[in-house]
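Student: mind folding the following:
(chains A and B)
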Amino acid sequence: AQSVTQPDIHITVSEGASLELRCNYSYGATPYLFWYVQSPGQGLQLLLKYFSGDTLVQGIKGFEAEFKRSQSSFNLRKPSVHWSDAAEYFCAVAPPYNNNDMRFGAGTRLTVKP
Amino acid sequence: KAGVTQTPRYLIKTRGQQVTLSCSPISGHRSVSWYQQTPGQGLQFLFEYFSETQRNKGNFPGRFSGRQFSNSRSEMNVSTLELGDSALYLCASSLEVNNEQFFGPGTRLTVL
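Tutor: Residues are numbered from 1 along each chain as shown, chains lettered A, B, ... in the order given. Model prediction:
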């Protein structure tokens, strides 16, 4: 069965600083990988996804993620964080034959200091 | 195009009662999935429907059930509510299976 680990429960960065959120997955083959963002009281918004091909994936809002098969990781990065990026971030994995059957990590809460 | 809508947005019930939550997918979307989000367990997959058929089910007791109608709208039902069922219930729709999922704002259920 697939599973996801987000080692950091809470991260605080200063506005303008770079950001990296970690995600490690467990799955027998190469799964589909996703990063979602959730603002308070809101649903989830897809930032980016990896299905196959180029291992560096560009997403919305200036985010990118890199798939590293050897490390079973899919870390999310942003070069310069904005105050509006403060939210909860979820990494998710799904089997390639059914990405509706998604398993989520516990989430990382991002706080942005002015 | 309107997004995924969920009704009601907030709900308070007492233990032992049952509840029905509704999800209207984006127009044209035929796949609907449900997730439960709690502080302790995080986001957990409940079930997925496509063309009125349940395709997949997560690890939840039989008190949790769902269905999908011919217009792709979906409902989930929880019977004999327990305190631990208090959660944000999220619905997501996609055009077909294996397409990007779009999430609704959720229904916040509180069980007293």
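Student: quick check: residue A:73 vs residue A:101, distance?
Tutor: 21 Å (CB to CB, to the nearest Å). For glycine as for every other residue, the C-beta is placed from the backbone atoms N, C-alpha and C.
Student: for residue A:39, same thing?
Tutor: Distance from residue A:39 to residue A:101, counting by CB to CB: 25 Å.
Student: the two: which is more packed in?
Tutor: More neighbours surround residue A:101 than the other of residue A:39 and residue A:101, with 20 against 13 (other CB atoms under 10 Å in any protein chain shown).
Student: the more buried one: which element?
Tutor: For residue A:101, there is no helix or strand it lies in under DSSP states H and E.
Student: list the contacts of the closest residue to it other than its chain neighbours.
Tutor: Distance criterion CB to CB, 6 or more residues apart in numbering or on different chains; nearest residue to residue A:101, sequence neighbours excluded, is residue B:56 at 4.9 Å. Contact partners of residue B:56, counting by CB atoms under 8 Å, 6 or more residues apart in numbering or on different chains, are A:98, A:100-101, B:45, B:47-48.
Student: which helix or strand contains residue B:56?
Tutor: Using DSSP H and E, residue B:56 maps to strand B:53-57.
Student: partner strands of that strand, with direction?
Tutor: In the sheet, strand B:53-57 lines up against strand B:42-50 (antiparallel) (DSSP bridges).
Student: from the chain's centroid, how far away is the partner strand?
Tutor: The gap between where strand B:42-50 is centred and where its chain is centred comes out at 7 Å by CA atoms, centre = their mean, to the nearest Å.
Student: other residues contacting that strand?
Tutor: Here strand B:42-50 makes contact (CB under 8 Å, 6+ apart) with A:90, A:92, A:98, A:100-107, B:30-38, B:54-60, B:64, B:66-68, B:74, B:76, B:89-90, B:96-97.
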